[in-house]
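**Student:** Sequence first, then the predicted structure, then my questions.
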Amino acid sequence: MFDWNDVKALLAVARGGSTAAAARELGVNQTTVARRLEALERDLGLRLVERHQAGASLTEAGRGLVADAEAMERAALAMRNTVEVHQRGASGTLRVTMSEMTANSGIIPLLPEFRAAYPDVTLELAITDDQLDIEAGEADVAIRGGFELPDSNLVARKVSETDWALYCSQAYAARMGLPTTLDELKNHVLIGGESERNYPGLAVILERAPDVAVTFKSNSATNMFASVRAGIAIGSMPCILADMDPDLIQIFPPAPESLSFTWIVTRPDLKDAPRVRAFIDFFAPRIQALTREYRERPLAARAGQP
């Protein structure tokens with residue numbers, strides 16, 4: 001095995017054209033440069049440098065190693081930068097993605113507190129119902145909800161469980177009445193998303209009552225919920241969000257199959273980065289507390305309950 005300092009001597013000669021120039025670049029004397037080159041040649045079993053009166057030049061073997069040596073140099077620099085980041089603590093830019101529904105379920109109001117606790121972390125938020133590719137580097141961290149996480153190499157921490165159910169507004173109920181059976185939903189207006197799997201309460205209903213149809217769809221959870229609140233349609237909403245709205249009525253109790261989960265996910269190479277660790281350690285217990293507070297609230301105290 002060879003010494004990285006010996007490789008640096010080879011790079012310095014390649015760049016400077018002489019052992020004297022290499023010594024100046026490395027901050028050592030020429031004897032040290034010569035000794036390091038000899039050690040590298042001995043370890044590799046190759047002649048790498050030709051010495052002559054005008055200086056020094058690389059042999060064909062030496063020139064062939066320059067690209068690999070430069071790659072090692074870049075890797076060493078990246079490692080040094082990583083160490084410095086960890087030594088500095090939580091700082092830098094953190095790209096976080098989540099759905100509109102997740103953002104509106106209590107995450108956004110927590111941002112000022114996070115900012116106060118970690119002033120050196122700059123959050124870049126991508127609020128979208130599209131799932132960005134964390135493994136491809138489209139974001140550093142995601143807060144994701146659903147029945148299950150797809151198989152991947154991501155590191156995930158489950159932070160909450162959420163029931164979903166069908167809701168309508170007081171105005172919709174006054175105009176259209178409330179369905180009392182699944183079959184009666186055929187006579188009502190239902191709003192859904194691009195994929196019903198993203199809205200568990202509705203997915204369960206459609207599985208149990210195949211004759212029931214979604215009347216119209218929206219690719220935005222915010223628009224869907226606004227349509228329900230405006231009295232346009234019946235829609236599937238997370239109970240933790242809808243039950244706090246006094247204008248919304250829960251039509252049927254949530255089915256056991258409508259339970260969804262929330263995870264905070266990141267890449268394995270980022271899980272121990274201070275800025276990522278700070279985000280997870282800050283938001284995970286607070287999301288859990290929001291869910292616990294909702295579940296401990298008496299049913300009669302929740303808005304929209306009969």
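**Tutor:** Alright, I've got the coordinates. Every value quoted in this text rests on a predicted model; they were computed, and no experiment measured them. Residues are numbered from 1 along each chain as shown.

**Student:** Would you map out the domains in the protein?
**Tutor:** Per the record, the chain has its domains at 4-88, 92-162+260-301, 164-258, by automatic domain parsing.

**Student:** Redo the ones you listed as CSV? Include mean pLDDT.
**Tutor:** Output for the domains of the chain, formatted as CSV (pLDDT from 0 to 100):
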stretch, mean pLDDT
domain 4-88, 83
domain 92-162+260-301, 86
domain 164-258, 86
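
**Student:** Deepest-packed of those, please.
**Tutor:** Mean neighbour count (mean count of other C-beta atoms under 10 Å) peaks for domain 164-258 among the domains of the chain, with a mean of 18. All C-beta atoms are positioned from the backbone trio N, CA, C, and that covers glycine.

**Student:** Report the separation between the two terminal residues of that one.
**Tutor:** 6 Å (C-alpha to C-alpha, to the nearest Å).

**Student:** Find out how far that domain is from the centre of the chain, if you would.
**Tutor:** 29 Å (C-alpha atoms, centre = their mean, to the nearest Å).

**Student:** so which helix or strand takes in Ile264?
**Tutor:** For Ile264, the host element (DSSP states H and E) is strand 260-266.

**Student:** Would you list the strands that that strand pairs with, along with their directions?
**Tutor:** When pairing is defined by DSSP bridges, strand 260-266 lines up against strand 141-146 (antiparallel), strand 155-162 (antiparallel).

**Student:** How far does stretch 67-74 sit from its chain's centre?
**Tutor:** Mean C-alpha position of stretch 67-74 versus that of the full chain (C-alpha atoms, centre = their mean) differs by 31 Å.

**Student:** same thing with stretch 92-103?
**Tutor:** Here stretch 92-103 is found 7 Å from its chain centre; the criterion is C-alpha atoms, centre = their mean.

**Student:** how long is that stretch end to end?
**Tutor:** Start-to-end, stretch 92-103 (C-alpha to C-alpha) is 22 Å.

**Student:** Residues in contact with stretch 46-61: which ones?
**Tutor:** 10, 13-14, 17-22, 37, 40-41, 62, 65-66 (C-beta atoms under 8 Å, 6 or more residues apart in numbering).

**Student:** Kindly report the same for stretch 194-210.
**Tutor:** Here stretch 194-210 has contacts from 129, 146-147, 164-166, 182-183, 185-186, 190, 192-193, 212, 214, 217, 219, 221, 224, 235-237, 252, 254-255, 257-260, using C-beta under 8 Å, 6+ apart.

**Student:** Okay, and which of the residues you listed map to helices?
**Tutor:** Secondary structure from DSSP state H places Ala221, Met224 of the contacts of stretch 194-210 in helices.

**Student:** hang on, the earlier thing: and the two most separated of the contacts of stretch 46-61?
**Tutor:** Ala20 and Leu65 (21.3 Å; C-beta to C-beta).

**Student:** what sits against the residue most central in space within the chain?
**Tutor:** The residue lying closest to the centre of the chain (C-alpha atoms, centre = their mean) is Val141, at 2.0 Å. Val141 makes contacts with Leu94, Arg95, Val96, Thr97, Ile134, Ile264, Val265, Thr266, Leu270, Val276, Phe279, Ile280, as judged by C-beta under 8 Å, 6+ apart.

**Student:** any idea which of those residues is closest to Gly231?
**Tutor:** Nearest to Gly231 among the contacts of Val141, counting by C-beta to C-beta, is Thr97 at 31.6 Å.

**Student:** just checking, that closest one touches Asp129?
**Tutor:** No. Applying C-beta atoms under 8 Å, one finds Thr97 not in contact with Asp129, separated by 10.3 Å.

**Student:** quick revisit: quick one, which of the strands paired with strand 260-266 gets closest to Arg286.
**Tutor:** strand 155-162 (8.9 Å).

**Student:** export that closest one as PDB, just CAs?
**Tutor:** Extracted C-alpha coordinates of strand 155-162, given in PDB (Å, rounded to 0.1, in the frame of the first residue of the first chain):
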ATOM      1  CA  VAL A 155     -33.400   5.900   5.900                       C
ATOM      2  CA  ALA A 156     -36.900   6.400   7.400                       C
ATOM      3  CA  ARG A 157     -38.200   7.300  10.800                       C
ATOM      4  CA  LYS A 158     -41.900   6.800  11.400                       C
ATOM      5  CA  VAL A 159     -43.300   9.800  13.300                       C
ATOM      6  CA  SER A 160     -47.100   9.500  13.300                       C
ATOM      7  CA  GLU A 161     -50.300   7.600  12.400                       C
ATOM      8  CA  THR A 162     -53.300   9.400  10.900                       C
END
